[in-house]
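*Asks:* quick check, what structure comes out for this input:
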Amino acid sequence: MSRIGKMPISVPAGVTVAIENNFVTVKGPKGELLRQINKKMKLTLDNEILTVERPSDEKEDRSMHGLSRTLINNMVIGVTKGFSKTLEIHGVGYRAAKQGQNISFNLGFSHPVIKEPPAGITFEVPTQNKIVVSGTNKETVGAVAAAIRALRPPEPYKGKGIRYEGEYVRRKMGKAGAKAKK
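*Replies:* Now for the predicted structure:
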């Protein structure tokens, strides 16, 4: 039995879960999320407790059991608390500024790069070198944060670029350091 899959999902007050042919709809204070869960999984909702059961112990069913439970749990967390990722900008002259809902980046290119948020995502810029991407859907928040990081990934020699908060960038020795080492 899957350790993650067998754990029940408690539905907090103010959140409604509707299940129809393994199409799960979760509504809460922060919004509404919809997702199609694998047809083989059996979803049951009793007294604000949602459980996911698998039909057999075949490899595919075992792998989908924990995944299905985690996807539904992330939906419940998303409509109650939400998800966010923080990115840091390192480098002289590199900065971000909010323009309405969009973000304008100065990343050493000949032009500013403007990033628009997709539906359900909000950007915050607390300082000019910090960006917070937040929303209800965990996958979308991660994908948008990865797309922003890909604008100027951190380079290994000086560490300049956009990185996740707390991300360690492994630094390489430059040409002058390699000569001195010989």
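
*Asks:* in this structure, where is pLDDT below threshold?
*Replies:* For the chain, applying pLDDT under 70 flags the ranges 1-2, 177-182.

*Asks:* just how off-centre is stretch 129-147 within its chain?
*Replies:* Mean-position distance between stretch 129-147 and its chain equals 5 Å (Cα atoms, centre = their mean, to the nearest Å).

*Asks:* in it, which residues are buried?
*Replies:* Neighbour counts over stretch 129-147 (16 or more other Cβ atoms under 10 Å) mark 131, 133-138, 140-141, 144-145 as buried. C-beta here means a position set from N, CA and C on the backbone, and glycine is covered the same way.

*Asks:* now those in JSON lines, with secondary structure?
*Replies:* Shown next, in JSON lines, are those (DSSP: H, G, I helix; E, B strand; the rest coil):
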{"residue": "Ile131", "secondary structure": "strand"}
{"residue": "Val133", "secondary structure": "strand"}
{"residue": "Ser134", "secondary structure": "strand"}
{"residue": "Gly135", "secondary structure": "strand"}
{"residue": "Thr136", "secondary structure": "coil"}
{"residue": "Asn137", "secondary structure": "coil"}
{"residue": "Lys138", "secondary structure": "helix"}
{"residue": "Thr140", "secondary structure": "helix"}
{"residue": "Val141", "secondary structure": "helix"}
{"residue": "Val144", "secondary structure": "helix"}
{"residue": "Ala145", "secondary structure": "helix"}
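
*Asks:* now render those residues as TSV, adding distance to Glu124.
*Replies:* Output for the buried residues of stretch 129-147, formatted as TSV (distance: Cβ to Cβ, whole Å):
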residue	distance to Glu124
Ile131	7
Val133	8
Ser134	7
Gly135	11
Thr136	15
Asn137	17
Lys138	17
Thr140	16
Val141	12
Val144	13
Ala145	12
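
*Asks:* for Ile162, give me its contacts.
*Replies:* Contacts here follow Cβ atoms under 8 Å, 6 or more residues apart in numbering; on that basis Ile162 touches 87-90, 94, 107, 131, 148-149, 151-154.

*Asks:* could you pull out the helices for the chain?
*Replies:* Taking DSSP state H to define them, one finds helices in the chain at 59-80, 138-149, 175-181.

*Asks:* now distance to Asn47 too, for the ones you listed, in TSV please.
*Replies:* Listed next are the helices of the chain as TSV, based on distance: least, Cβ to Cβ, whole Å:
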stretch	distance to Asn47
helix 59-80	15
helix 138-149	26
helix 175-181	64
